[in-house]
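[1] Please find the sequence and the predicted model below.
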Amino acid sequence: MASSTMAGFGSLAVDENRPPTRQSSGKICKVCGDEIGHKEDGALFVACHVCGFPVCRPCYEYERSEGTQCCPQCNTRYKRLKGSPRVAGDEEDNSDQDDFDDEFQTKNRKDDSDRQHDGQILQENGDYNNQQWHPNGQAFSVAGSTAGKDFEGDKEIYGSAEWKERVEKWKVRQEKRGLMSNDDGGNDQAEEDDYLMAEARQPLWRKVPIPSSLINPYRIVIVLRFIVLVFFLRFRILTPAYDAYPLWLISVICEVWFAFSWILDQFPKWLPITRETYLDRLSLRFEREGEPNQLGSVDVFVSTVDPLKEPPIITANTVLSILAVDYPVEKVTCYVSDDGASMLLFDTLSETAEFARRWVPFCKKHNVEPRAPEFYFSEKIDYLKDKVHPSFVKERRAMKREYEEFKVRINALVAKAQKKPEEGWVMQDGTPWPGNITRDHPGMIQVYLGSAGALDVDGKELPRLVYVSREKRPGYQHHKKAGAENALVRVSAVLSNAPFILNLDCDHYINNSKALREAMCFLMDPQFGKKLCYVQFPQRFDGIDRHDRYANRNVVFFDINMLGLDGLQGPVYVGTGCVFNRQALYGYDPPVSEKRPKMTCDCWPSWCCCCCGGSRKKSKKKGEKKGLLGGLLYTKKKKMMGKNYVRKGSAPVFDLEEIEEGLEGYEELEKSSLMSQKNFEKRFGQSPVFIASTLMENGGLPEGTNTTSLIKEAIHVISCGYEEKTEWGKEIGWIYGSVTEDILTGFKMHCRGWKSVYCVPKRPAFKGSAPINLSDRLHQVLRWALGSVEIFLSRHCPLWYGYGGKLKRLERLAYINTIVYPFTSIPLLAYCTIPAVCLLTGKFIIPTLSNFTSVWFLALFLSIIATGVLELRWSGVSIQDWWRNEQFWVIGGVSAHLFAVFQGLLKVLAGVDTNFTVTSKAADDAEFGELYLFKWTTLLIPPTTLIILNMVGVVAGVSDAINNGYGSWGPLFGKLFFAFWVILHLYPFLKGLMGRQNRTPTIVVLWSILLASIFSLVWVRIDPFLPKQKGPVLKPCGVEC
């Protein structure tokens, strides 16, 4: 184990002389990053004559034949240019241009590998940026060709027959376009090289818009529903029910709030999109034979708190799935954060590292999925499907036996950890465990596996596994999960400094071994990737019953709402299954591209172009100023938290303490740029090594560092006082101030102008476990809602925060919805009570309807149904999942959300932190036994009371109608409809309350009946709707007088 003493780390000195960056002379294709060629007459090739969007000839041809046939920028359909092959949809009047004289000759192209590596890359809006991707400090061209590449890997992906068929189809297409002659059949290798070269130049991903036949009717119905809603509310406000005025007033207020809530939820779903990735192109572009692998490195974070509540075997499976991921082993490092300083988890990781030496080569040899052994061996599928290796069955049986032995060893560790010795835990070497006192212990780091660790049974290297437990001392704020994640950010920056970070909960394993590659298709895109803060994957779950009684899968949120947000500025961060750009976590703004100069001509008077001319002059002066910093100091400035900070490349690293000594020979602007680096200590803390890592945009460690000194520095950056007087948790890393730190962190990034992407691969990338019994589910929802209330009452509330930033309007609406929804519980509780009151009193919130006004009610109900049906149609969500979501919206709204509002108000305004205790009982059922596990909690009282009230109201209303005759049945139907609406939505709650054997605690029944009885008796006693008489009460005395 590494020493836990804190030690400083000396500055890193490197050669400060850096050659200037060369500029590419030609214009760059935005799609593939290659140079745009010239036509036969020497003019620059222009694909779109409407907007002039820069696209090279091969990309233009590919888009016309295989893509949407439209310009990516203005969405105008590409016209057929001279020499281009005809495709479906071309106009007949272009028939005279059907020739191939100036056709682009793929086979005669110059080899892109000789191209310079530091050329300009066109940004998303068509402007130039001089930055390139340099993983581990090595420059390379992201748009280079793959001529001469060994493509055996691709052949394995597709199989020999499928590969040959694919190449043949490509050759046929090329012959039709005149790009290849069919008389040189002997040069198969060259043909395949040409195919790979053409394939690698294509985009790594594409947007797949929802078909207009599905999305346009949906949008029309949304607009119609909005219009109907306006007229409906107008009618409700202008026609009060005077005989039940208080009920009418309450109902109208509730309906107005529901309309506002619907707008917040509905309109961010206006532009849903899906995306498609091309993993083969990613491999062709970044994994070339004979060259270093240029995929970006990834640091994977796994966070745990208490191994007794979070089973170690589950954490071990998550770690094993990470170590076996389909990604270069030298580019993956797994960090496990133990916030409980548990020796049980430490020993579990030791056993896991040993078992991984056999499990990882087995997974990669036989390409098994998923690569978490617990879930792989428990899958009820034909595990022999697609397996052709003769030794697979024998090796699988041996591996399953070894895994069962591994589980027994872990279970023994768990049994041993149940009772802590009086003298505390002792390690195997006889030294006391440093974390015996959970809230008072030093920082601990242990590195397993990796290049310096044990190899697997085949003698190959394994990804590095690092155990981290940050220092904790009394009197310090540790900020729970957000603080632990920030500690991992600093440790990983010192030890590996990968440019990308994957964040996982301990119960979320990698279900798709290519998940990291899916994310890299976006993050390593030469134009779009620089502006991405994270790639969010949907959450999928194991162990949920088929009916999903309490909407644990959250299908509506992940398959409808998140797709809608992806069409705006990007999905919200949901706390796990997310791959971050490390620079976004450091609080930097995304790269800003200069605006394209406006087109002007000499035929207009000079005063028409004065604005354009002025802007050109200004930009020129800015360029001259920027040139002063070239040469010695790197070139790029980024705005961070409202100030300019100089960003440097991966080569030069300066000692911050020596900056002032070298200021004499610099110009004023250079001096101010160098001095600004001293502010990094105030932002990031007192660690020169960590600060140096933040200046390396493309990751990697400086040359000349040794492991021992880096471990000491890593111990220093996880000390409990490191974050004091810094921006950690305020502007940098995971943001503090809420138990739902995920929403807050993503919101801050979007406010700075970053974009995010929602990636939904065919095979779910990650899978986890969810609480499936009623009490645990309500407490989970309570925690989420409490975090939203805390954000609402903080300075980061989307209602007023970040208006000077770059957050899009519909994205802001979505964030407002995420922090406002708990407050819907108050009107929802009132609205669910109104039907019972109406049935008990004989009053109603709606006066007698005319034929015209009843049309608005009918139109509103039809528009609600149509919206739901069309939403299910374009999203593919089943009606059962949609209905379960609607039911749990009511169940959670009248219980967990309601408690969260009052608990949040008490916590923020009065400083009272209220905790709801849970007492569990044993479950007897084997499969889905936890579903019937009942735990008493105060959250159960409000919905139970509502059910009883509405049932009593239904009985009372029907009895009254029977007694009063035929005429009273008409008004009763409206009241019964609303009462049954409430009961139907609360039915899953009632089912969970009763359990399989009707085991309902007496306390729940007693409290609910008591509250319902008291409410009914008080209401009858007050009877507010009867007119109060003044003066003497005149009654017949019964005597003739």
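    It's in.
[2] Confirm C334 sits in a strand?
    Yes - assigned with DSSP: H, G, I helix; E, B strand; the rest coil, C334 falls within a strand.
[3] hang on, isn't it packed against V298?
    No - between C334 and V298 no contact is recorded; they are 9.6 Å apart, counting by Cβ atoms under 8 Å. Just so you know, the C-beta spots here come from the backbone N, C-alpha and C atoms, and that holds for glycine as well.
[4] the domain parsing of this structure - what is it?
    Recorded structural domains for the chain (assignment: the TED database) are 27-85, 279-383+393-591+727-771.
[5] Give me whichever of these is most buried.
    Most buried of these, by mean neighbour count (mean count of other Cβ atoms under 10 Å): domain 279-383+393-591+727-771, with a mean of 20.
[6] Now do it: distance from first to last residue.
    Domain 279-383+393-591+727-771 stretches 34 Å from its first residue to its last (Cα to Cα, to the nearest Å).
[7] i'd like the first residue to be 517 from this point on
    Sure thing, new numbering starts at 517, so read that last one as domain 795-899+909-1107+1243-1287.
[8] Please work out the average pLDDT along it.
    For domain 795-899+909-1107+1243-1287, mean pLDDT rounds to 89.
[9] Over to stretch 1348-1365?
    On average, stretch 1348-1365 scores 84.
[10] which outside residues touch it?
    752, 755-760, 763-764, 766-767, 1373, 1406, 1410, 1462, 1465-1466, 1468-1470, 1472-1473, 1476, 1487-1488, 1490-1492, 1494-1495, 1497-1498, 1532, 1535-1536, 1539, 1541 (Cβ atoms under 8 Å, 6 or more residues apart in numbering).
[11] Quick one: buried ones out of these?
    752, 757, 760, 763-764, 766-767, 1373, 1406, 1410, 1462, 1465-1466, 1468-1470, 1472-1473, 1487-1488, 1490-1492, 1494-1495, 1498, 1532 (16 or more other Cβ atoms under 10 Å).
[12] can you list the domains of the chain in a markdown table and add distance to T1334?
    A markdown table is the format used below for those (distance: least, Cβ to Cβ, whole Å):
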| stretch | distance to T1334 |
| --- | --- |
| domain 543-601 | 31 |
| domain 795-899+909-1107+1243-1287 | 6 |
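[13] Of the ones you listed, which is nearest C1313?
    domain 795-899+909-1107+1243-1287 (9.7 Å; Cβ to Cβ).
[14] coming back round to it: now, which of the contacts of stretch 1348-1365 lie within helices?
    Among those, the members falling in helices (DSSP state H) are 752, 763-764, 766-767, 1373, 1406, 1462, 1465-1466, 1468-1470, 1472-1473, 1476, 1487-1488, 1490-1492, 1494-1495, 1497-1498, 1532, 1535-1536.
[15] how about the helices in the stretch 867-1016 of the chain?
    All helices of the stretch 867-1016 of the chain, identified by DSSP state H, counting those that start in this stretch, fall at 889-893, 908-933, 996-1011.
[16] looking at these, which is closest to L745?
    Per Cβ to Cβ, nearest to L745 of the helices of the stretch 867-1016 of the chain: helix 996-1011, 39.1 Å.
[17] Show the secondary-structure elements that the helix or strand just after the closest one is packed against.
    Remark: after helix 996-1011, the chain's next helix or strand is strand 1016-1021, criterion DSSP states H and E. Using 3 or more Cβ pairs under 8 Å, 6 or more residues apart in numbering; DSSP states H and E, the elements in contact with strand 1016-1021 are strand 814-820, helix 996-1011, helix 1031-1039, strand 1094-1097, helix 1098-1101.
[18] can I get the CA coordinates of the third one in CSV?
    Included here for helix 1031-1039 are C-alpha records, laid out as CSV according to Å, rounded to 0.1, in the frame of the first residue of the first chain:
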residue,chain,number,x,y,z
ALA,A,1031,-19.5,1.3,-25.2
LEU,A,1032,-16.4,3.3,-25.0
ARG,A,1033,-16.0,3.2,-28.8
GLU,A,1034,-19.5,4.4,-29.2
ALA,A,1035,-18.7,7.5,-27.2
MET,A,1036,-15.5,8.1,-29.1
CYS,A,1037,-17.4,8.3,-32.3
PHE,A,1038,-18.7,11.6,-31.0
LEU,A,1039,-15.9,12.9,-28.7
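[19] helices or strands next to the helix or strand following it in the packing?
    Next helix or strand after helix 1031-1039 toward the C-terminus (DSSP H and E): strand 1048-1052. With contacts taken as 3+ Cβ pairs under 8 Å, 6+ apart, strand 1048-1052 sits against helix 1031-1039, strand 1094-1097, helix 1098-1101, helix 1257-1267, strand 1271-1274.
[20] Packing partners of the helix or strand following the last one?
    In other words, strand 1271-1274. Stepping forward along the backbone from strand 1271-1274, the first helix or strand reached (DSSP H and E) is strand 1282-1285. Packing partners of strand 1282-1285 (3+ Cβ pairs under 8 Å, 6+ apart): strand 1025-1026, strand 1056-1058.
[21] Same list (these) but as TSV, adding distance to K936.
    What follows is these, written out as TSV (distance: least, Cβ to Cβ, whole Å):
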stretch	distance to K936
strand 1025-1026	29
strand 1056-1058	32
